[in-house]
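*Asks:* Structure for this input, please:
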Amino acid sequence: MTDVIPAAVLIPIFLPEPSTESHQNRQLHIFSRPVSSNAEILFTVRTDTVEHHKGQISFPGGKRDDTDASLLETALRETEEEIGLSRENVEIIGELSDTPTVRTSFLIRPFVGLVRGRPALSPSEIEIAETLFVPLAHLLDEANSTLETYEYGGSRYRIKAYHYQGHRIWGATARILQVFLGGLS
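*Replies:* Model (predicted):
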């Protein structure tokens with residue numbers, strides 16, 4: 001059995017400016033914090049040159065370094081390195097249960113953070129091909145997700161995938177997203 005590699009990601013929720021709020025938006029709660037349904041979650045599309053998960057959609061994050069004091073430190077450091085979002089712009093409001101990857105040996109700890117407004121980002125050209133801001137309302141709409149059959153190691157799995165503007169969010173990212181969305185009230 002391969003050793004498990006500790007990793008962490010940030011689920012960055014970009015809150016709309018108060019002036020753009022609409023009365024038609026649903027008010028949701030994330031870890032008891034009110035958030036509008038027109039908030040956006042940032043995803044990254046990984047380049048084809050990174051070591052793992054080439055071309056896949058993910059949350060910003062990565063493998064824990066020996067210098068990281070905690071997995072939260074890993075998530076914030078990796079977010080800064082990958083998309084240029086300063087940790088000072090992120091208010092951590094909670095964390096989710098660890099999620100293993102299927103084909104690689106990562107065990108991912110997801111952290112949830114609020115970002116007010118739209119601070120300038122500077123994605124790493126080496127790691128990030130594209131950033132996606134996906135409205136929370138879009139992800140909550142069942143019409144934008146599918147159940148797919150996936151085969152690996154002689155077993156078949158039914159997994160949820162989310163779709164946004166021609167992109168497919170699947171695998172560990174989709175499983176983390178499904179848990180996150182299931183926790184909204």
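*Asks:* can you pull out the strands in this protein?
*Replies:* Using DSSP state E, the strands of the chain run over residues 5-15, 27-30, 33-36, 40-46, 57-58, 61-63, 91-95, 99-100, 106-116, 128-135, 145-152, 155-164, 167-169.
*Asks:* Report the distance from the fifth one to the chain centre.
*Replies:* Which is strand 57-58. 7 Å (Cα atoms, centre = their mean, to the nearest Å).
*Asks:* now the farthest one out in this protein, which residue is it?
*Replies:* In terms of distance from the mean C-alpha position of the chain, G154 ranks first, at 28.4 Å (Cα atoms, centre = their mean).
*Asks:* where does it land on pLDDT?
*Replies:* pLDDT for G154: 87.
*Asks:* Pull the contacting residues for it.
*Replies:* Counting by Cβ atoms under 8 Å, 6 or more residues apart in numbering, G154 touches no other residue. Where C-beta positions appear, they are placed from N, C-alpha and C, glycine not excepted.
*Asks:* and the gap between it and D65?
*Replies:* In this structure, G154 lies at 35 Å from D65, with Cβ to Cβ, to the nearest Å as the measure.
*Asks:* and the residue nearest the centre of the chain, what is it in contact with?
*Replies:* Most central in the chain under Cα atoms, centre = their mean is F59, positioned 3.1 Å from the mean C-alpha point. Counting by Cβ under 8 Å, 6+ apart, F59 makes contact with 9-12, 42-44, 110, 173, 176.
*Asks:* closest to F133 among those residues?
*Replies:* For the contacts of F59, the closest approach to F133 (Cβ to Cβ) belongs to L42, at 5.7 Å.
*Asks:* didn't the closest one look like it was pressed against P60?
*Replies:* Yes: applying Cβ atoms under 8 Å, one finds L42 in contact with P60, separated by 7.2 Å.
*Asks:* more neighbours, these two?
*Replies:* Taking neighbours as other Cβ atoms under 10 Å, L42 and P60 compare with P60 leading, 28 against 20.
*Asks:* Could you check the pLDDT of the nearest residue to that one once chain neighbours are set aside?
*Replies:* Spatial nearest neighbour of P60, chain neighbours left out: T79 (4.2 Å); criterion: Cβ to Cβ, 6 or more residues apart in numbering. T79 carries a pLDDT value of 98.
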